[in-house]
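Chemist: 3D, please:
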Amino acid sequence: MIKNPSKRLFILLALSIFVGEFMIMISFKYWLPSVSEEIGAAIDATLLTLIATPVLQLCLIKPINQLVEKIRKDQDELRLVAQAFEVNEGILISDADFNVIRVNKSFLKMTGFKAPNLLGKSVLALMSNSFKELFESEIKNNLADLGNWNGESTTLQSNGDETPVQVSITAVKNESGVVTEYVSVLNDITTRIISERRIYELAYIDEITKFPNLNQLLIDLEKSFLLDEYLALIVFEPDNFKLLMDAHSYKLGDYFLKKIALRLTRELSPNYAIYKIHGNKFAILLQNIGGDLSNASRSVSHVESSIKSIFFTPFSINGFEHYSDVSIGVVMAFGHEYNVEDLITSAQISSHQASRIEGNSSVFYDKSYKEQASKKRELENQLHLAVSNKELEFYYQIQVNANNKAIGAEALVRWHHPALGLTFPIEFIPLAEESLLIEEIGNYLLELGFQRLIEWAKQEETRHLTLSVNITAKQFHRPNFLLKIDELFKKYPIDPTKLMLELTESISVDNLEYVSAKMRLLKEKYNIKLSLDDFGTGYSSLGYLQSMPFDEIKIDRCFIHDVTTNHKNASIVESIIALAKIYNFRLIAEGVETKEQLDFLRKSGCENYQGFLFSKPVPLEELHPVVAKFVGEQSPKEE
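Modeler: Sure thing, here's the model as predicted:
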């Protein structure tokens, strides 16, 4: 049987002509023997045409039409395939030996290559080393067993850079099941990778220092607990960080943290995992420090020393030198001795304990600290309610001049705790400063002072008294402190000369010019008087006194306590009195408890006093009888 279509068509055509001619010849012989030769030829042609036309239609024209239709459909399919080939995804077609046969425009755009430079090259020559390793370990086996592979890798660009891609490779087989080509589809996932990295950074990287954050530390600690050896967590923070921000700005605080991060990166071993876990708190996780406690402790001590050395030199911040100590808390654990949260909490508690010690201190965790911290948290929660429940009030300690006349009183805050009873400020003011409650409490007490002056002005025996109200450094540096003062003066029309704000020397530890300008504004705009509390115990110098617009200096009680027996303290007190006279400051000696102390102060030229010799701090209802005792001339008697 003849299979070739063209040969079959030729044979059918020849056969039909032969049969047609044969039938015409028979017809002429039997039915038309007398027809002329010309008429016979015409009849022959006509009959041949009539016989051959159906045969041609059936055997030639119809197959040709079918062939043309098939070619048209094939062209449409090829055009569709070509359109599909030029999609956004990069497409690379290779032969069975992974040599490039064809690529689309998207692949060329993705990689920067030119098509002529790719054809015939090995696919692996276009891929990164990571892809080549993946090809040998996984891709080749998957294609052989399953006929396809999907995954992520990187492809090379013409300039040598790498592009992250999602790759899908499919094997193309012929009718016999033999692989003839491989089709690879590549999606550029750079944007997705960048988005994922950004999401990761937001979740696990500190924005300011670029160190891993608390979330990452939690993950790393979980892994560390799987090791049967010691690990150590060191939490540390620069001291007085909030004071720096209050005195300047949050941006300056962030800049300071970046400076610390830079020093840590430069000075510490890259083997140490450094974290920024909260606010101004940093952490270092020490792993693989062995199973021997003594050796592990030495490793921790080495890191402690390195951290402290970073803070030995000042930090240059926006044109000024900032000195800062550091408080370090350390907790060590073996295996699963702690859970993750307890370990971090313990280290933070130790860091807080270290901050209570002067200058570059470190504290190893003690389990008793946790109980103290728990009590502290409970006290803080109760302190939140103290203002709204009006549990805070003033006790007043009278101030007396050399003529034994009451000239004012210092307002000393007390907390009537519902369970603990009368609680002194030393037990809750530091806590208020740490938790930022100091602004709420400070504003409440300041308003209470304004209210008291309004009441005193209505009474003959108290209208001459000056009221001294303590202002903490953190309260003074709050951005809205002046706004609060302005609000209170509008609300309470007091005589401003009767209000004395007591400030400590630490108020200007970092920015003398800023503090001085703020104090001058208080005096010039409101005519408030300002007192320097606890003079001699902090940073004071002659330059300090000259630049700050104080009206009054208070000699700290620590110098008065043994002024009659300690010649050194006596000399200090006499020097302070001399300075006060030079700069025309009013002077008050605190902590006067005996007649001998009073006599010494009078002889030395100090004319105003405050202390238990005159009266202990008393509630408002007991103040009037005390004031009535000091109307002038008569000397106080020791109780």
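Chemist: Residue 549 is in contact with residue 517, isn't it?
Modeler: No. Contact between residue 549 and residue 517 fails when scored by Cβ atoms under 8 Å: they sit 9.9 Å apart. C-betas here are computed from N, CA, C, even on glycine.
Chemist: which one is residue 230 nearest to, not counting chain neighbours?
Modeler: Using Cβ to Cβ, 6 or more residues apart in numbering and skipping the chain neighbours, the partner closest in space to residue 230 is residue 296 (3.9 Å).
Chemist: Just give the closest residue to residue 580, not the sequence neighbours.
Modeler: With Cβ to Cβ, 6+ apart as the measure, residue 587 is the residue that lies nearest to residue 580, at 4.2 Å, once sequence neighbours are left out.
Chemist: That neighbour pairs with what?
Modeler: According to DSSP bridges, the residues that bridge with residue 587 are residue 553.
Chemist: ditto for residue 154
Modeler: The partner residues for residue 154, given DSSP bridges, come to residue 164.
Chemist: How many residues are close by it?
Modeler: Residue neighbour count, defined by other Cβ atoms under 10 Å, stands at 18 for residue 154.
Chemist: count of neighbours near the residue nearest to residue 230?
Modeler: Applying other Cβ under 10 Å, we find 20 residues neighbouring residue 296.
Chemist: List the contacts of residue 323.
Modeler: Contacts of residue 323 were listed using Cβ atoms under 8 Å, 6 or more residues apart in numbering, and they are 314-315.
Chemist: 7 Å instead?
Modeler: When contacts are counted by Cβ atoms under 7 Å, 6 or more residues apart in numbering, residue 323 touches residue 314.
Chemist: Quick check: it vs residue 473, distance?
Modeler: Residue 323 is 16 Å from residue 473, where distance means Cβ to Cβ, to the nearest Å.
Chemist: now do residue 530
Modeler: Looking at residue 530 against residue 473, where the rule is Cβ to Cβ, the gap reads 14 Å.
Chemist: Compare those two (neighbour count), which wins?
Modeler: Regarding residue 530 and residue 473, a neighbour count based on other Cβ under 10 Å identifies residue 473 as having more, with 22 against 19.
Chemist: any idea how far the more buried one lies from residue 386?
Modeler: When Cβ to Cβ is applied, the distance between residue 473 and residue 386 equals 21 Å.
Chemist: Just the buried positions in stretch 219-227, please.
Modeler: Neighbour-count burial for stretch 219-227, counted by 16 or more other Cβ atoms under 10 Å, picks out 220-221, 224-225.
Chemist: Which of those fall in strands?
Modeler: Within the buried residues of stretch 219-227, no residue falls in strands by DSSP state E.
Chemist: Pipe those into TSV and attach distance to residue 410 and pLDDT per row.
Modeler: Compiled in TSV, those are given as follows (distance: Cβ to Cβ, whole Å; pLDDT from 0 to 100):
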residue	distance to residue 410	pLDDT
220	52	87
221	50	85
224	53	77
225	54	74
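Chemist: Closest one to residue 284 out of the residues you listed, please.
Modeler: The nearest member of the buried residues of stretch 219-227 to residue 284, counting by Cβ to Cβ, is residue 220 at 11.3 Å.
Chemist: how near is the closest one to residue 350?
Modeler: Per Cβ to Cβ, residue 220 is found 19 Å from residue 350.
Chemist: again, but for residue 430
Modeler: Applying Cβ to Cβ, one obtains 18 Å for the distance of residue 430 from residue 350.
Chemist: more crowded one of those two?
Modeler: Looking at residue 430 and residue 350 with other Cβ under 10 Å, you find the greater number of neighbours at residue 350, namely 25 against 13.
Chemist: Contact partners for that one?
Modeler: Contacts were defined as Cβ under 7 Å, 6+ apart; by that measure residue 350 touches 329-331, 363-365, 369.
Chemist: Run through the chain and note the low-pLDDT ranges.
Modeler: Where the chain drops to pLDDT under 70, the residues are 1-87, 226, 243, 245-249, 335-338, 358-359, 366-374, 508-511, 536-544, 633-639.
Chemist: now the helices for the stretch 301-450 of the chain?
Modeler: The residue ranges that make up the helices of the stretch 301-450 of the chain, judged by DSSP state H, counting those that start in this stretch, are 340-355, 367-388, 429-434, 438-457.
Chemist: Of all pairs in the contacts of residue 350, which one is the farthest apart?
Modeler: Based on Cβ to Cβ, the longest span within the contacts of residue 350 runs between 330 and 369 and measures 11.8 Å.
Chemist: Spell out which residues make up each domain of the chain.
Modeler: Domain assignment of the chain by automatic domain parsing yields the ranges 5-84, 87-193, 206-365, 437-616.
Chemist: what about those, which gets the closest to residue 377?
Modeler: Per Cβ to Cβ, nearest to residue 377 of those: domain 206-365, 10.7 Å.
Chemist: And that closest one, how far out from the chain middle?
Modeler: Computed by Cα atoms, centre = their mean, to the nearest Å, the chain-centroid distance of domain 206-365 equals 16 Å.
Chemist: same deal with stretch 491-508?
Modeler: 38 Å.
Chemist: likewise stretch 377-394?
Modeler: On the basis of Cα atoms, centre = their mean, stretch 377-394 is displaced by 31 Å from the centre of the chain it belongs to.
Chemist: Take that stretch, keep the C-alpha atoms, and write them as CSV.
Modeler: The C-alpha coordinates for stretch 377-394 follow below in CSV (Å, rounded to 0.1, in the frame of the first residue of the first chain):
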residue,chain,number,x,y,z
ARG,A,377,5.6,46.8,90.5
GLU,A,378,2.8,46.5,93.0
LEU,A,379,3.8,49.8,94.6
GLU,A,380,3.9,51.4,91.1
ASN,A,381,0.4,50.3,90.3
GLN,A,382,-0.8,51.7,93.6
LEU,A,383,1.0,55.0,92.9
HIS,A,384,-1.1,55.4,89.8
LEU,A,385,-4.2,55.6,92.0
ALA,A,386,-2.6,57.8,94.6
VAL,A,387,-3.3,61.1,92.7
SER,A,388,-6.9,60.3,91.7
ASN,A,389,-7.6,59.0,95.3
LYS,A,390,-6.0,62.2,96.8
GLU,A,391,-3.6,60.1,98.9
LEU,A,392,-0.7,62.5,98.4
GLU,A,393,-0.5,65.6,100.6
PHE,A,394,1.9,68.1,101.9
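Chemist: coming back round to it: could you check which of residue 330 and residue 369 has the larger neighbour count?
Modeler: Neighbours per residue (other Cβ under 10 Å) separate residue 330 from residue 369, with residue 330 holding more: 25 against 21.
Chemist: Quickly note the distance from the closest residue to residue 560 other than its chain neighbours to residue 601.
Modeler: Beyond its immediate neighbours in the sequence, the residue positioned closest to residue 560 (Cβ to Cβ, 6+ apart) is residue 591, lying 4.6 Å away. Here the criterion is Cβ to Cβ. By it, residue 591 lies 11 Å from residue 601.
Chemist: Among those two, which residue is more densely surrounded?
Modeler: Taking other Cβ under 10 Å, residue 591 and residue 601 do not tie; residue 601 has more neighbours (25 against 19).
Chemist: residues near the nearest residue to the more buried one once chain neighbours are set aside, how many?
Modeler: Setting aside the residues directly before and after it, residue 601 is nearest to residue 589 in space (Cβ to Cβ, 6+ apart), at 5.1 Å. Residue 589 has 28 neighbouring residues, counting by other Cβ under 10 Å.
Chemist: One more: residue 180?
Modeler: Residue 180 sits with 11 neighbouring residues when counted by other Cβ under 10 Å.
Chemist: now swap in residue 161 and tell me
Modeler: 12.
Chemist: Tell me which residues touch it, please.
Modeler: By Cβ under 7 Å, 6+ apart, the contact list for residue 161 is empty.
Chemist: all strands for the stretch 251-400 of the chain, in order.
Modeler: Per DSSP state E, counting those that start in this stretch, the stretch 251-400 of the chain has strands spanning 273-278, 281-286, 315-317, 320-322, 326-334, 361-364, 392-401. These are given in chain order.
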